[in-house]
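Colleague: below: sequence and its predicted model.
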Amino acid sequence: MTPARTAPKHKEAHGEKDPNFMVQISEPRMLRKDLLESVREIIIFMQGYEKFRKIQEEKVSLFTQLKTDLRVLNTLVDEKLRKYLPKGKLRGIQTPKQEIKPYAREDEPIERVSLSSAPSSASELDELENQLKDIETQLRSVN
């Protein structure tokens, strides 16, 4: 049999402590002042960050509330309001597309584009009036 190994015994030094080192500072008041100013700037920065974080949290909560409100409104419109509205033959309003230039020079004249065109708006107006008359006749027949 082999003898059991034992951990080596540490020699305990009685009375020995870590040596104390001292550093001489030429202007301790100025150094303390600089440190306190740095700490003050850090605290101001952290306060600004906390304000920013609170604003971000409010923004996120407002957007989630807006999304839920929009869902509720869409369900109300789809389920309840459409039952009471008459079905019309309205098409979406089409506006002429205009070319967008990235920038205009001072020496180049700016082109003006009119958004309304007389012949198409008159026919659309007649069509809308006809649809309005149809809706009115439907309402009279219901009552």
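Modeller: Cool, the structure landed.
Colleague: from memory residue 31 sits against residue 37, does it?
Modeller: No - at 10.9 Å, residue 31 does not count as touching residue 37 under the criterion of CB atoms under 8 Å. Just so you know, the C-beta spots here come from the backbone N, C-alpha and C atoms, and that holds for glycine as well.
Colleague: now residue 70: which helix or strand?
Modeller: Element membership for residue 70, per DSSP states H and E: helix 28-76.
Colleague: other SSEs contacting that helix?
Modeller: Helix 28-76 is packed against no helix or strand, with contacts defined by 3 or more CB pairs under 8 Å, 6 or more residues apart in numbering; DSSP states H and E.
Colleague: any figure for the gap between residue 21 and residue 29?
Modeller: 22 Å (CB to CB, to the nearest Å).
Colleague: mind listing what residue 25 touches?
Modeller: residue 31 (CB atoms under 8 Å, 6 or more residues apart in numbering).
Colleague: could you look up the SS state of it?
Modeller: coil (DSSP: H, G, I helix; E, B strand; the rest coil).
Colleague: change the start of the numbering to 57 and stick with it
Modeller: New numbering, starting at 57: the last item is residue 81.
Colleague: and the pLDDT for residue 146?
Modeller: According to the prediction, residue 146 has pLDDT 68.
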